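Pasting a predicted model and its sequence here:
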Amino acid sequence: MRGSRTRSSAAAWPPRWLAVSALLTLCMVASLAPAEPPAEAKDAKAQAAALDQKVLDAAKKDSEIMANLTHLSDVIGPRLTGSAAVKKANQWTAEKMKAYGLENVELEPWTIPAGWERGPASARVVEPDNGRTLLLASSGWTPGTKGKVTGDVVVITARNSKDLEKYKGKLKDAIVLQGAPVNVRPITEPGGLPGVRPTPPPETKPDADKKPDTEKKPEGATTEVQPPRDFEQMRAFRRELAEFLRTEGAAVLLHDAGKPHGLLTTTGGWRGNDRVSAPEPLPSAYVAHEHYALLHRLATRPEPAKTRVEIEISNKMIPGPITVYNTVGEIKGSEKPDEYVILGAHLDSWDLAQGTTDNGTGSCVVLEAARMLVKSGVKPKRTIRFVLFTGEEQGLYGSKAYVQKHKDELPKISLCLVHDTGTGKVVAIGTQGREPVKPILEAELASLKELGLKEINLRGMGGSDHQSFEAAGVPGFAVQQDMSEYRLTHHSQSDTLDKAKEADLIQGAQVMAVTAMRVANLPELLPRAKKLEEKKVP
């Protein structure tokens, strides 16, 4: 039998050989087992995890995020750059920073060339006389119409200088529509809530308007490849178009608000109002999507049918320069106080509603992250600085001013991380294509996966203050969030306190605080290189 032969053979081996065989087997097993990390490395990892937990626990006790957001939204209200309200918000957030124990709290001044106050705007269709009033809101920093004006509606489809030639002599006192209605279509946002993805109107500033789509496409979905857009050419043509309309004597320029259900939007800045000698810009306004589409249908009927509109816009221009502020405070670094990690958001808003989700939420998340870090008692090795910028909505001007003022510190800033897409949970951090940073953050932020931080990716996002740092060579990132109706409500009269989600904002503060602490405690600053070094083949 096989079994008895085996037993008798084993019995025939001398004890010395059995011992040697056992020793060889143990050595083979030991060589295959993973190496134990040094005790020092294990201790450092455990200490870092313990610090994470202290910060995360601080968020669960006595959160002030909704109390702060309620005060900012209801008591202070909309915070247009250059207004008394945004200055009040600067002062209030500075007092909050001091109360939370931050050091070196100050309001850092910078200037804007002109201020602006929104006045009433009204319009109605007078031909055909269908009794239709139009819902609209002025573009930011646009002048008024100096009373009621009535004019023919003319649709301009020009995209270059040559296209403009056919409109010469035809725009005197005209109410101009810039192109066809935008494509407003329903989508399902990551949180399962309805939203819209408007096609940006031609006049939108690429450096100030929010925010490119960073969602993953469903499997099997196809994406139409568009040729790259030359923004400098677009800007140059916008300036040319504005001058053409002004010299041709057009009365008003109208844009599609690009949102459903009568929601309005506004954007704009002081370009054209930045010097006394500049000619006054053409009045402009955003029209509710449904009404813009109506005007377009009426104005493109076969001739000789005409469409005429009566419109009145009353705004107030405030001569500048006007001093505005960024609110700044910090937790001083224990070992490298002259190196920095920046957490940021923009405090200014548009004035159609309360500016809750754009960007009261981000501002209060930054304040809460500061409160959590101080309350937890952690002592970061580098200085963590908290900055609430203004002038973001007009073109990132507050963060650009900060970068210019602190240009000597730029080589010592490891990261600027901003929170600026509303109330939704933070689901990822995009590293703007910075490949060497991705694995570092993946290793450091592993503890945040349980909170819902799904990934660190290479995707980029435009339209917020991190771009000012990124453009200066400093890693500047924005957290990626569950959009949670953001595209629907931002810049509209529906950007109000009731949209805020406390649990998701607390999660955002946790992500921001832990990220700041981890980066502040790294052995080195985050790498500046965009690409990983290629391994050399021998």
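Right, received. Where do you want to start?

So Arg124 is in contact with Leu136, correct?
No - judged on Cβ atoms under 8 Å, Arg124 makes no contact with Leu136 at a distance of 10.6 Å. Every C-beta, even on glycine, is put in place using the N, C-alpha and C of the backbone.

So for these two, which residue has more residues nearby?
Between Arg124 and Leu136, Leu136 has the larger neighbour count (other Cβ atoms under 10 Å), namely 24 against 16.

The more buried one is in contact with Pro120, isn't it?
No - checked against Cβ under 8 Å, the pair Leu136 and Pro120 is beyond contact range at 10.7 Å.

what helices or strands is whichever strand or helix holds Ile440 leaning on?
Ile440 is part of helix 437-444 when elements are defined by DSSP states H and E. On a contact count with 3 or more Cβ pairs under 8 Å, 6 or more residues apart in numbering; DSSP states H and E, helix 437-444 meets strand 455-457, helix 502-520.

how does it look with 6 Å?
When contacts are defined as 3 or more Cβ pairs under 6 Å, 6 or more residues apart in numbering; DSSP states H and E, helix 437-444 packs onto strand 455-457.

On the three-state scheme, the nearest residue to Lys98 once chain neighbours are set aside is what?
Nearest non-adjacent residue to Lys98, counting by Cβ to Cβ, 6 or more residues apart in numbering: Val105, 5.1 Å away. The three-state label given to Val105 by DSSP: H, G, I helix; E, B strand; the rest coil is strand.

all helices for the stretch 1-150 of the chain, in order.
For the stretch 1-150 of the chain, the helices defined by DSSP state H, counting those that start in this stretch cover 2-12, 15-32, 39-59, 65-70, 84-99.

Give the helix, strand or coil label for Asp495.
Asp495 is classified as coil under three-state DSSP.

Could you pull up the residues touching the residue lying closest to it once chain neighbours are set aside?
Excluding the flanking residues, the one nearest Asp495 by Cβ to Cβ, 6+ apart is Ala353, at 4.2 Å. Residues in contact with Ala353, defined by Cβ atoms under 6 Å, 6 or more residues apart in numbering, are Gln493, Asp495, Thr496.

Am I right that Ala353 is in a helix?
No - under three-state DSSP, Ala353 sits outside any helix and is assigned coil.

Domain boundaries for the chain, per the record?
Following automatic domain parsing, the chain resolves into domains at 45-114+320-520, 119-212+230-314.

end to end, how far does the longest one reach?
For domain 45-114+320-520, the separation between the terminal residues is 15 Å (Cα to Cα, to the nearest Å).

What of the shortest one?
Across domain 119-212+230-314, the terminal residues are separated by 5 Å (Cα to Cα).

Now do it, average pLDDT.
Averaging pLDDT along domain 119-212+230-314 yields 83.

Then the first one?
Confidence over domain 45-114+320-520, taken as the mean pLDDT, stands at 95.

Assign a three-state SS to Asp152, would you?
For Asp152, the secondary structure call by three-state DSSP comes out as strand.

and it, what does it touch?
So Asp152 contacts Ala174, Lys306, Arg308 (Cβ under 6 Å, 6+ apart).

show me what contacts the last one?
Pointing back at Arg308 there. The contact partners of Arg308, taken as Cβ under 6 Å, 6+ apart, are Val126, Glu127, Asp152.

Could you measure from it over to His296?
Using Cβ to Cβ, to the nearest Å, one obtains 15 Å as the distance from Arg308 to His296.

repeat for His490
For His490, the distance to His296 - Cβ to Cβ - is 24 Å.

same check, this time on Leu264
Distance of Leu264 to His296, computed by Cβ to Cβ: 17 Å.

Surely Phe469 is in a strand?
No - the assignment for Phe469, made by three-state DSSP, is helix rather than a strand.

Leaving out the residues flanking it, which one is nearest to it?
Nearest one to Phe469, counting by Cβ to Cβ, 6+ apart, is Gly476 at 3.3 Å.

Near the one you found, how many residues? Count them for me, please.
With other Cβ under 10 Å as criterion, Gly476 counts 27.

residues contacting it?
Cys416, His466, Phe469, Glu470 are the contacts of Gly476 under Cβ under 6 Å, 6+ apart.

quick one: which of these is nearest Gly508?
His466 (15.0 Å; Cβ to Cβ).

Distance check, that closest one against Phe389.
The value you get for His466 to Phe389, if Cβ to Cβ is used, is 10 Å.

So between those two, which is more surrounded?
Higher neighbour count among His466 and Phe389: Phe389, with 32 against 29, using other Cβ under 10 Å.

Can you name the helix or strand that the closest residue to that one other than its chain neighbours falls in?
Leaving aside its sequence neighbours, Phe389 sits nearest to Gly398 (Cβ to Cβ, 6+ apart; 3.7 Å). Using DSSP H and E, Gly398 sits within helix 397-405.

Now do the buried residues in that helix.
Tyr397, Gly398, Ser399, Lys400, Ala401, Tyr402, Val403 (16 or more other Cβ atoms under 10 Å).

got the contact list for Leu453?
So Leu453 contacts Val511 (Cβ under 6 Å, 6+ apart).

Sticking with it, tell me its helix or strand.
Applying DSSP H and E, one finds Leu453 in no helix or strand.

hang on, isn't Ala58 packed against Leu373?
No - Ala58 is beyond contact range of Leu373, at 7.6 Å (criterion: Cβ atoms under 6 Å).

Who has more neighbours out of those two?
Leu373 (29 against 23).

Secondary structure class of the more buried one, three-state.
helix.

And Thr328, its phi and psi?
Slight slip there: residue 328 is Val, not Thr. Note on Val328: its backbone torsions stand at phi -130, psi 140 [degrees, to the nearest 10].

That one pairs with what?
Glu106, Val387 (DSSP bridges).

mind checking how far it is from Ile342?
Remark: distance between Val328 and Ile342 (Cβ to Cβ) = 9 Å.

what about these two, which has more around it?
Ile342 (29 against 24).

Next, count neighbours for Glu303.
For Glu303, using other Cβ under 10 Å, the count is 5.

any idea how far it lies from Val514?
65 Å.

repeat for Lys170
Lys170 is 60 Å from Val514, by Cβ to Cβ.

the more surrounded of those two?
Shown here are Lys170 and Val514; by other Cβ under 10 Å, Val514 has more neighbours (27 against 12).

The more buried one reaches Gln53, doesn't it?
No - look at Val514 against Gln53 with Cβ under 6 Å: they stay out of range, at 9.7 Å.

Which of the contacts of Ala353 has the largest number of neighbours?
Neighbour tally across these (other Cβ under 10 Å): the maximum, 28 neighbours, falls on Asp495.

Pull the contacting residues for that residue.
Asp495 touches Ala353, Thr356, Thr357, Asp358, Thr489, counting by Cβ under 6 Å, 6+ apart.

Throw those into a markdown table and include distance to Gln47 and secondary structure, thanks.
Output for those, formatted as a markdown table (distance: Cβ to Cβ, whole Å; DSSP: H, G, I helix; E, B strand; the rest coil):
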| residue | distance to Gln47 | secondary structure |
| --- | --- | --- |
| Ala353 | 45 | coil |
| Thr356 | 38 | helix |
| Thr357 | 37 | helix |
| Asp358 | 38 | helix |
| Thr489 | 42 | helix |
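
which among those residues end up buried?
Ala353, Thr356, Thr357, Asp358, Thr489.

measure the first one to Ile313 for me?
Counting by Cβ to Cβ, the separation of Ala353 from Ile313 is 19 Å.

Grab the nearest non-local neighbour of Ser363.
Ala345 (4.7 Å).

Helix, strand or coil: sort out that neighbour for me.
Once three-state DSSP is applied, Ala345 turns out strand.

ok, how many other residues are close to it?
Ala345, neighbours per other Cβ under 10 Å, totals 27.
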